[in-house]
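Engineer: compute the structure for the input listed below.
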Amino acid sequence: AYFNEFVQRLHNGEIMSPDSIHFNDSLRFETPTGRLVYGGGGIMPDVFVSRLSENDLSFFNLVSNRGHIYTFAFNLVDRQRNDLLAYQDASGFINNFSISNAVYNDFLRFAEEQGTQLPGRVSKESEEMIKNHLKAYIGRNLFGAEAFYPVLHRKDRVFIKAKEAIHDADLMALKPMP
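Structural biologist: Residues are numbered from 1 along each chain as shown. The predicted model follows:
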């Protein structure tokens, strides 16, 4: 039932746009602090982050779900570990390493060799996510979580919005009350 509800919400556009979400007024409730909340349908977040369309991320999802990104990154580090350790630590890696077009093209060849049919055109969003995840997995293999999560978070739209919301809330807390 939960999965079917999610699919229905996806078809209704509720995952893509907050304007598509409708609440039943009979389930309206006011908290002791005066905040309006609604029952039914789960929790509506204070900050809505729309999901990218399947078209935008279809190739990324495909190669990620097939384990190609992880495997390619693991193999690359295995072959080039001594050269990559020149970055010395997670910070040096995060700030100075990037996935070159040559490495990205090697990844595409690898995915094809693994039986994945390449699309005629890879969306910009898929390419960016693939490069970001390749860097994150390379970093994790070299320097652990200290390099993995900061790289992933740079492209994680939900994490970025949450960080902005916390920052904005902190700024609001610093303002003197009238």
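
Engineer: make it CA atoms for all contacts and neighbour counts henceforth
Structural biologist: Noted.

Engineer: and the helices in the chain?
Structural biologist: 2-12, 54-65, 68-84, 90-96, 101-113, 124-143, 145-153, 157-174 (DSSP state H).

Engineer: closest to residue 33 out of these?
Structural biologist: Shortest distance between residue 33 and those, using Cα to Cα, is found for helix 157-174: 16.6 Å.

Engineer: next up, the contacts around residue 89.
Structural biologist: By Cα atoms under 8 Å, 6 or more residues apart in numbering, the contact set of residue 89 is residue 143.

Engineer: closest to residue 32 out of the helices of the chain?
Structural biologist: Of all the helices of the chain, it is helix 157-174 that lies closest to residue 32, at 20.1 Å by Cα to Cα.

Engineer: okay, the angle between the closest one and helix 145-153?
Structural biologist: Per axes from the mean of the first three to the mean of the last three Cα atoms, to 10 degrees, the angle that helix 157-174 makes with helix 145-153 is 90 degrees.

Engineer: what does helix 157-174 contact?
Structural biologist: Around helix 157-174, the neighbours that count as contacts under Cα under 8 Å, 6+ apart are 47, 49, 153-154.

Engineer: now render the helices of the chain as TSV, adding distance to residue 32.
Structural biologist: Output for the helices of the chain, formatted as TSV (distance: least, Cα to Cα, whole Å):
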stretch	distance to residue 32
helix 2-12	30
helix 54-65	40
helix 68-84	48
helix 90-96	45
helix 101-113	53
helix 124-143	42
helix 145-153	35
helix 157-174	20
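
Engineer: picking up where we left off before, go through the contacts of helix 157-174 and name the one nearest residue 145.
Structural biologist: Once Cα to Cα is applied, the member of the contacts of helix 157-174 that ends up nearest residue 145 is residue 153, at 11.8 Å.

Engineer: out of the helices of the chain, which is the most enclosed?
Structural biologist: helix 124-143 (a mean of 21; mean count of other Cα atoms under 10 Å).

Engineer: which secondary structure elements does that one contact?
Structural biologist: Packing partners of helix 124-143 (3 or more Cα pairs under 8 Å, 6 or more residues apart in numbering; DSSP states H and E): helix 54-65, helix 68-84, helix 90-96, helix 145-153.

Engineer: what about the third one, distance to the chain center?
Structural biologist: Going by Cα atoms, centre = their mean, to the nearest Å, the spacing between the C-alpha centre of helix 90-96 and its chain's C-alpha centre is 20 Å.

Engineer: before we move on, what about the second one?
Structural biologist: Offset of helix 68-84 from its chain centre (Cα atoms, centre = their mean): 21 Å.
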